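Trainee: show me how the following folds:
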Amino acid sequence: MRRRRPRGFTLYELLIAVVIVGILAGLAIVRYMNLQDKSRQAAATYDLDLVRKLLAIYATDYGGYPVAVASYDDLKSQLVGPDGLSYGRCPPSNTFQWASYQLDASQNYVLRVNIVDRQHTVLIATPDRIYRE
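Mentor: Alright, predicted model coming up:
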């Protein structure tokens, strides 16, 4: 009678397979986290652009931008027209954290916000553009 050789994987083969799967999972997690940060940055840029548009409407009606304010809620409360109606819905501040809003020497605003991401990215909005610090 012929002896059958036992079938299956050796301990080394299983260990190598587990290590390879672990490396691939680690790479996938890092890639996923980077994509999350990029999407948070895109969402914050979009929200900040909406605020820029509302500030432009305000400047058209009043001939200038609101005075320096201490918080995002203060800025939202000032973005109303002469008739008392809001210019539009300000985006919620869940994509960024308020940093500062100031008027420069030429009476243009400089709005700084911190994005809620792993790199703590700072976005700066001016009447002309939005850029990273």
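Trainee: how far is whichever helix in the chain runs longest from where the chain is centred?
Mentor: Longest helix of the chain, by residue count under DSSP state H: helix 11-62. Centroid displacement of helix 11-62 relative to its chain, using C-alpha atoms, centre = their mean, to the nearest Å, is 9 Å.
Trainee: from the contact counts, what lies against that helix?
Mentor: strand 96-103, strand 109-115, strand 122-125, strand 130-132 (3 or more C-beta pairs under 8 Å, 6 or more residues apart in numbering; DSSP states H and E). In this view, the C-beta of every residue, glycine as well, is placed from N, C-alpha and C.
Trainee: quick one: the closest residue in space to V110 that isn't next to it in sequence and R3, what's the gap?
Mentor: Leaving aside its sequence neighbours, V110 sits nearest to Q102 (C-beta to C-beta, 6 or more residues apart in numbering; 5.3 Å). Q102 is 86 Å from R3, where distance means C-beta to C-beta, to the nearest Å.
Trainee: those two: which has the busier surroundings?
Mentor: Between Q102 and R3, counted using other C-beta atoms under 10 Å, the more crowded position is Q102 (12 against 5).
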